[in-house]
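1. can't give you the sequence, but here's the structure:
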């Protein structure tokens, strides 16, 4: 079944294939309420602030994680735009204030991927809801723009004073550049990732390149060949936003190629049936810690392909394929949830039932620039927004909601 949008574009009716439109919205709302209730609270004694506990049950430590909060902002924007009044601009304003206070009065930190994510969250909050700091957006976008370093091998680096140039920084950085009008830089970043970081065999995107520790002659760089779900997601998002800004055919081609690689090499089978009666293939989880967000990020940008890919050769098929992954993955997220106090708690692996964490065991630890999982991954804040992200994405598809105005 298809439906025609106001722009005249033929679109898949996702609500006919999985959860109904009403049910998809209700699931997303339940996810939002669960995360907000369990994790959000005022920052210390400071009025007008909100911050999130990075663990539930709450940890005795006072750690926080900047980029996890950026995605929390993005999700609050999703919720408020989909269900006006469910969150409210005041909540977002307080969270922005909490983030800045907790970050010692600054918008920036030493990690370019972190700054790109918060810049994207502020840009979306301002564009959709009129909430957020224009100065914060300019500062963060400026840091991304100024970090471009082709003479040093990049791309933009992972963090300041570093020679590791990776997809997790360049992907969201390119999306931010495209959305803030720096189109030429977005194009250059997409081209750099395609040239330097694409696996020629699988078509998936590598993690990054770093300065070699040794080697003869011109062997100056080592490729870090790890494959992460969220790297594929941010490349899809970067190529899409650059395509929207330029109409460049190569960006459309790359979207199709990366999507095909995801379908062939990255998805995992579940015991669930897909919309056509076969075994559903979904985005795999990556545990807790920072990895808790990886799957949700890929689902977010697959949904963006499904809703916002401009018309062109093969576009409808690409939108349909991307959307199918989103709705099947969201169904797995919902079916593997646990229920705690009548609210969902999401699994770190959407092929298995969620484990309800106890107030014991080791907590997530920040080691060598990354956050490693708690003993029970479901305890980490990152895992719960990832499930929420998938459900919001499916609800947007069911309601046929675009990130950007559609061109008639």
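-> Received, thanks. Keep in mind the model is a prediction, meaning the values are calculated, not measured. Numbering: from 1, shown residues only.

2. which strand or helix spans the residue nearest to residue 337 when sequence neighbours are not counted?
-> Closest residue to residue 337 apart from its sequence neighbours, by Cβ to Cβ, 6 or more residues apart in numbering: residue 344 at 4.2 Å. Every C-beta, even on glycine, is put in place using the N, C-alpha and C of the backbone. Using DSSP states H and E, the element containing residue 344 is strand 343-345.

3. next SSE after that strand?
-> As assigned by DSSP H and E, the chain's next helix or strand after strand 343-345 is strand 365-367.

4. for that following strand, name the packing helices and strands.
-> strand 370-372 (3 or more Cβ pairs under 8 Å, 6 or more residues apart in numbering; DSSP states H and E).

5. who are the packing partners of the strand it packs on?
-> Strand 370-372 packs on strand 365-367, going by 3+ Cβ pairs under 8 Å, 6+ apart.

6. now do the buried residues in the strand it packs on.
-> Buried residues in strand 365-367, counted by 16 or more other Cβ atoms under 10 Å: none are found.

7. how far off centre is that strand?
-> In terms of Cα atoms, centre = their mean, to the nearest Å, the centre of strand 365-367 is set 21 Å apart from its chain centre.

8. hmm, who's touching it?
-> The contact list for strand 365-367, computed with Cβ atoms under 8 Å, 6 or more residues apart in numbering, reads 63, 65, 289, 371, 372.

9. now with 6 Å, please.
-> Strand 365-367 has contacts (Cβ atoms under 6 Å, 6 or more residues apart in numbering) with residue 372.

10. leaving out chain neighbours, which residue sits closest to the residue nearest to the spatial centre of the chain?
-> Nearest to the geometric centre of the chain sits residue 297, at 2.5 Å (Cα atoms, centre = their mean). Among residues not flanking residue 297 along the chain, residue 230 sits closest, at 4.0 Å (Cβ to Cβ, 6+ apart).

11. just checking, what packs against the helix or strand in which the one you found is found?
-> Using DSSP H and E, residue 230 sits within helix 229-246. Applying 3 or more Cβ pairs under 6 Å, 6 or more residues apart in numbering; DSSP states H and E, we find helix 229-246 packed against helix 167-179, helix 183-197, helix 249-265, helix 294-308.

12. would you map the strands across the stretch 51-200 of the chain?
-> For the stretch 51-200 of the chain, the strands defined by DSSP state E, counting those that start in this stretch occupy 51-52, 164-166.

13. can you lay out those as CSV showing distance to residue 119, mean pLDDT and mean neighbour count?
-> Formatted as CSV, the strands of the stretch 51-200 of the chain follow (distance: least, Cβ to Cβ, whole Å; pLDDT from 0 to 100; neighbours: other Cβ atoms under 10 Å):
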stretch, distance to residue 119, mean pLDDT, mean neighbour count
strand 51-52, 19, 96, 24
strand 164-166, 17, 96, 25
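
14. and the ones you listed: which comes nearest residue 379?
-> Of all the strands of the stretch 51-200 of the chain, strand 51-52 sits nearest to residue 379, with 13.3 Å by Cβ to Cβ.

15. any idea how far that closest one is from the middle of the chain?
-> 19 Å.

16. now swap in stretch 357-370 and tell me
-> 22 Å.

17. list the buried ones in it?
-> By neighbour count on 16+ other Cβ under 10 Å, the buried set for stretch 357-370 is 357, 363, 364.

18. now flag whichever of those is closest to residue 223.
-> Of the buried residues of stretch 357-370, the one sitting nearest to residue 223 (Cβ to Cβ) turns out to be residue 364, at 28.4 Å.

19. hmm, back to that, who wins for proximity to residue 234 among the helices and strands packed on helix 229-246?
-> Among those, the nearest to residue 234 by Cβ to Cβ is helix 167-179 (2.6 Å).

20. angle of the closest one against helix 183-197?
-> Interaxial angle, helix 167-179 versus helix 183-197 (axes from the mean of the first three to the mean of the last three Cα atoms, to 10 degrees): 160 degrees.
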